[in-house]
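>>> only geometry, no sequence info:
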Ligand SMILES: [Cu+2]
């Protein structure tokens, strides 16, 4: 009998995730202050107008991206505050500028660096030619997958990688010289199992990968929580090697996660 990850353990998974922050950027003359900020998915960037008529446009100074990650936000007397909430599927660098008159040429631009929140597990995937390395990554809800660009023009697009069809659900982002790293936070409510993805440009050529959403407690990643995982847990008792709960030691908390998901397997 196949069991699915229960709502109960999905709820326990959310407990370790850092709370979202608000980052303030002030417009001062033809400048954004601070010019460069570092944020995490789920955070909010709030631009506050001081004077004049401006906007916040996604692009490298001073050209708007063809496919911006957010639509241009006005920053003027009628809209003195602009906000953008950093989504779960986002680029590592999000440059922006003011597109009004020649403000950008006067230095009115800035950048947002998106990094995983503190304490979150990051799984790195490298684009090498038309392969993703590694082609399969194991991840838990709340973890971050980061794809790193090396050359050419690619995308990371979730969907059926046999038929090369987008799911329009989880992620669909460019991976090219203007978008050199892409982050995706594995949602808390996702079910265990295989999430296929592909590069839109080279899917037929085999540029595909999988994110395998693991089950909490499946320490050896064999798709089921069983005696082998229990043995690993007990062997690491008091040490960090089989820590699941994030407290850097293997203890009763980890044992209870294993027992709670006992014989849960990947559908
Ligand atoms: Cu590609």
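Nice, thanks for sending it over. Because the structure is predicted, anything quoted here is derived from the model rather than measured.
>>> shouldn't residue 77 be in contact with residue 53?
Yes: using Cβ atoms under 8 Å, residue 77 makes contact with residue 53 at a distance of 7.4 Å. Using the backbone N, CA and C atoms, a C-beta is placed for each residue, glycine as well.
>>> Looking only at neighbour counts, state which of the two leads.
residue 53 (15 against 10; other Cβ atoms under 10 Å).
>>> Now do the same contact list for the more buried one.
When contacts are counted by Cβ atoms under 8 Å, 6 or more residues apart in numbering, residue 53 touches 75, 76, 77, 100.
>>> isn't residue 54 right next to residue 100, touching?
Yes: between residue 54 and residue 100 there is a contact at 5.6 Å, judged by Cβ under 8 Å.
>>> quick one: which of these two has more around it?
Using other Cβ under 10 Å, the more surrounded residue of residue 54 and residue 100 is residue 54, with 25 against 17.
>>> contacting residues around that one?
27, 75, 76, 98, 100, 103, 108.
>>> Quick one: neighbours of the third one, just the number.
The one in question is residue 76. With other Cβ under 10 Å as criterion, residue 76 counts 15.
>>> Could you measure from the closest residue to it other than its chain neighbours over to the ion?
Leaving aside its chain neighbours, residue 76 sits nearest to residue 53 (4.4 Å; criterion: Cβ to Cβ, 6 or more residues apart in numbering). Using Cβ to the ion, to the nearest Å, residue 53 is found at 41 Å from the ion.
>>> if I look at residue 53, how far off is residue 28?
14 Å (Cβ to Cβ, to the nearest Å).
>>> Contact residues of the stretch 101-250 of the chain facing the ion?
Residues of the stretch 101-250 of the chain lying close to the ion (Cβ under 5 Å from the ion) are 154, 199, 201, 202, 207.
>>> Return the subset of the contacts of residue 54 lying in strands.
27, 75 (DSSP state E).
>>> Show me which pair in the contacts of residue 54 is furthest apart.
Pairwise distances across the contacts of residue 54 peak at 13.5 Å for 76 and 108 (criterion: Cβ to Cβ).
>>> of all the contacts of residue 53, which two lie farthest apart?
77 and 100, at 12.9 Å, using Cβ to Cβ across the contacts of residue 53.
>>> nearest spatial neighbour of residue 174, skipping sequence neighbours?
Excluding its sequence neighbours, the residue lying closest to residue 174 (Cβ to Cβ, 6+ apart) is residue 155, at 5.3 Å.
>>> Surely the one you found touches residue 171?
No: contact criterion Cβ under 8 Å: residue 155 and residue 171 do not qualify, at 9.3 Å.
>>> pLDDT score assigned to residue 191?
Confidence at residue 191, expressed as pLDDT, is 87.
>>> quick check, it in a helix?
No: under DSSP: H, G, I helix; E, B strand; the rest coil, residue 191 sits outside any helix and is assigned coil.
>>> Sounds good, over and out.
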